[in-house]
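In: When you get a sec, could you give me coordinates for this:
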Amino acid sequence: MEPAPYRTEPVSFTRRGGRLSERQQAAWDALSATYVAEAPDNGPTTSIDPSYVLDTTALFGRDAPLVVEIGTGRGEAIVHAAHQHPELNFLGLEVYVPGVAQTLVTMRHRGVENVRLMIVNAAEALGTMLPPASVHELRVWFPDPWHKKRHNKRRLVTPAFAELAARVVEPGGTWRLATDWQEYADQMRDVLAGSADFAFSGDWAPRFEGRPLTRFEHKGLQVERDIRDLSAVRRSS
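Out: Have a look, this model is predicted:
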């Protein structure tokens, strides 16, 4: 038997587990079979078999515009958005298992059914798992800034990632980002400005009204960090 493959490139996350609370475990037991989708792996548990392509119509049981949120955390933003827009399908990509479980808790509390969650490496999901031009809107809210210079290479938003985003976002679709780390915001702006695939004004965007004020964003505001929003539109050619 050949050994399982291992990643040779740095990833933008640290795999985190942890014990689930009683409420989270109950939600996981009741809802995960329906709302947490699995992809065949490629060695590491968050890695995806490159031959696997997600059938989003089958996953949601309907054909509707797809919004993908990377790094859903505890699910505050994605559940809020899905509750506000039942006509859309929302796919959340997250590697923090208790966060996924907490998202299920919130979904049950708010009666939200148009969300699916996957515990996968987002870059691989955009690179192979999601069909080309299948995403109506891509959202990246407050990705890990990896603020130490030696860790900058782990940041998610890079020119290479912009190419993956361009692969999956449909023509006319939107890529939205937000961060409370100014140096990372500058990097994001440079990435968008340097992409030939996205139309970008070069300016900070107004705060996205569809994003609720999460606990994470509130902490940034408490220490007087500027919240930077950015958005770009996928060019048609």
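In: Might you list the low-confidence residue ranges for the protein?
Out: Scanning the chain for pLDDT under 70 picks out the ranges 1-17, 146-152.
In: any idea how far Gly73 is from the nearest residue to Ala196 once chain neighbours are set aside?
Out: Distances taken as C-beta to C-beta, 6 or more residues apart in numbering place Arg235 nearest to Ala196, at 7.7 Å, with adjacent residues excluded. Any C-beta I mention is one placed from the backbone N, CA and C, and that applies to glycine too. Arg235 is 30 Å from Gly73, where distance means C-beta to C-beta, to the nearest Å.
In: Do a quick rundown of the helices in the chain.
Out: 22-35, 56-60, 76-84, 97-110, 122-124, 159-168, 182-194, 215-222 (DSSP state H).
In: Need those helices in JSON lines (columns: distance to Thr174).
Out: JSON lines is the format used below for the helices of the chain (distance: least, C-beta to C-beta, whole Å):
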{"stretch": "helix 22-35", "distance to Thr174": "25"}
{"stretch": "helix 56-60", "distance to Thr174": "18"}
{"stretch": "helix 76-84", "distance to Thr174": "13"}
{"stretch": "helix 97-110", "distance to Thr174": "23"}
{"stretch": "helix 122-124", "distance to Thr174": "17"}
{"stretch": "helix 159-168", "distance to Thr174": "11"}
{"stretch": "helix 182-194", "distance to Thr174": "12"}
{"stretch": "helix 215-222", "distance to Thr174": "20"}
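In: Most tightly packed of those helices?
Out: Highest mean neighbour count of the helices of the chain: helix 122-124, a mean of 24 (counted as mean count of other C-beta atoms under 10 Å).
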